[in-house]
Structure formats: C-alpha cells, structure tokens
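1. Any chance you can model this:
(one chain, ligands or ions: 1)
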Amino acid sequence: MDKKNEVSRKGFLRTVLAIAGLTISYGTLGAVVLRFLWPSRKDAKQKIFIALIKNIPEDQTITFSTPSGESYLLSSRVVDGQKEFFAFSNRCPHLGCKVKWESEKSRFFCPCHGGVFNQNGIAIAGPPSKAKQVLKSCELLVLDTAVYAIIGKS
Ligand code: FES
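-> Residues are numbered from 1 along each chain as shown. The predicted structure follows:
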C-alpha cells in the first residue's frame, strides 16, 4: 500500500470519528435541554382510584398502597355534618412498625412501643409523642362517587 492511500485513509477515519464525536456531544446536549424543557411525567401528580364512597365504612379503615409501595389507611368520619375522608400512612414514624386504627378508642395505635396517634395522625402518647411526630398523610380527592389518592410531586 502506498503512503498516499494510507494518509487519505487516516484522514477519512479522523473525519468519521470527529463527526461521531460531535453527533454524540450535540445529541447528549440536546437530550439534556429537552429533558429540562419537558420534564418526565413520572414527577407529575397522579390520581389513583382507592374505593367507591359507598364501600368506605365510617370509623373503619381501608388499606391501600401507592405504586411506590407506601401503605395508607383510609378512613371516613363526619365533620360538621359532612362526610370527610382521611388517609394516613400505616408506618409509625418512630421506627416504622405497622400502625392500626382502633375505632373504639378513635385512635391509631402502634404496638411496638405503645405509640398513640389521634384521628388527625398527631402523636399523643409514646415515643412518637415525645419526638412530636405525626403519621404521614396522603392527599385525597373526592370525585362523584369515589375517593382517589393524589400522589407524586407537583
Ligand atoms: S415503632 Fe411505633 S412507637 Fe416505636
């Protein structure tokens, strides 16, 4: 092979590599810019059906889970003559044990260390009370005859 062909082959390879490098660089930059301008829909809020209102017993709880695996206790009660719905995490903020609703005492109870939360999810006894902890709540939406959980970032 003569020297002239070898030089032109090297020049051709350099040109191809330069074009490939520029394409990758500008492609990555373009993807970052597009991601910034149109963020992922995963970050948007989602509406998740939980139950029909007629199937939610008063002073009892229904357990539901979000796609991320968090479990909540949904309950209903009458406030100022209106039926209202509440959802609190069933994970104790102290050390993560499972909290349960005790309708006869109108409270959430954590059996691990005796944590007690009122019906608004505020700790009133036990270690969570000392640490001024609350049960994590879930935003709800009542539409027509059903209750939905609103999850995700705004
Ligand atoms: S884990 Fe609930 S009180 Fe400790």
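2. Past the host helix or strand of residue 15, which element shows up next along the chain?
-> Per DSSP states H and E: residue 15 is located in helix 3-37. Using DSSP H and E, the helix or strand that directly follows helix 3-37 along the chain is strand 46-52.
3. mean confidence score for that following strand?
-> Summarised as a single mean, pLDDT over strand 46-52 is 94.
4. Give the buried residues for the helix or strand following that strand.
-> Elements were assigned by DSSP H and E; along the chain past strand 46-52, the next helix or strand is strand 61-65. Of the residues in strand 61-65, those with enough neighbours to count as buried (16 or more other C-beta atoms under 10 Å) are 61, 62, 64. The way it works is simple: take the backbone N, C-alpha and C, and place the C-beta from them, glycine included.
5. and which of these is nearest to the ligand?
-> For the buried residues of strand 61-65, the closest approach to the ligand (C-beta to the nearest ligand atom) belongs to residue 61, at 16.9 Å.
6. what about the residue lying closest to residue 106 once chain neighbours are set aside, how many neighbours?
-> In space, not counting the residues next to it along the chain, residue 106 is nearest to residue 119; the distance is 5.3 Å by C-beta to C-beta, 6 or more residues apart in numbering. Residue 119 is flanked by 16 other residues according to other C-beta atoms under 10 Å.
7. List the contacts of residue 119.
-> Applying C-beta atoms under 8 Å, 6 or more residues apart in numbering, one finds that residue 119 lies in contact with 75, 77, 86, 106, 107, 108.
8. ok, 7 Å please
-> Applying C-beta atoms under 7 Å, 6 or more residues apart in numbering, we find residue 119 in contact with 77, 106, 107.
9. what comes up buried for stretch 66-79?
-> Using 16+ other C-beta under 10 Å as the burial criterion, the residues of stretch 66-79 that qualify are 72, 73, 74, 75, 76.
10. One more: stretch 146-154?
-> Of all the residues in stretch 146-154, those buried under the rule 16+ other C-beta under 10 Å are 147, 148, 149, 151, 152.
11. Ok, stretch 108-117 next?
-> Per 16+ other C-beta under 10 Å, stretch 108-117 contains these buried residues: 108, 109, 110, 115, 116, 117.
12. and that stretch, does that touch the ligand?
-> Yes. In this structure, stretch 108-117 sits against the ligand according to C-beta under 6 Å from any ligand atom; the contacting residues are 110, 112, 113, 115.
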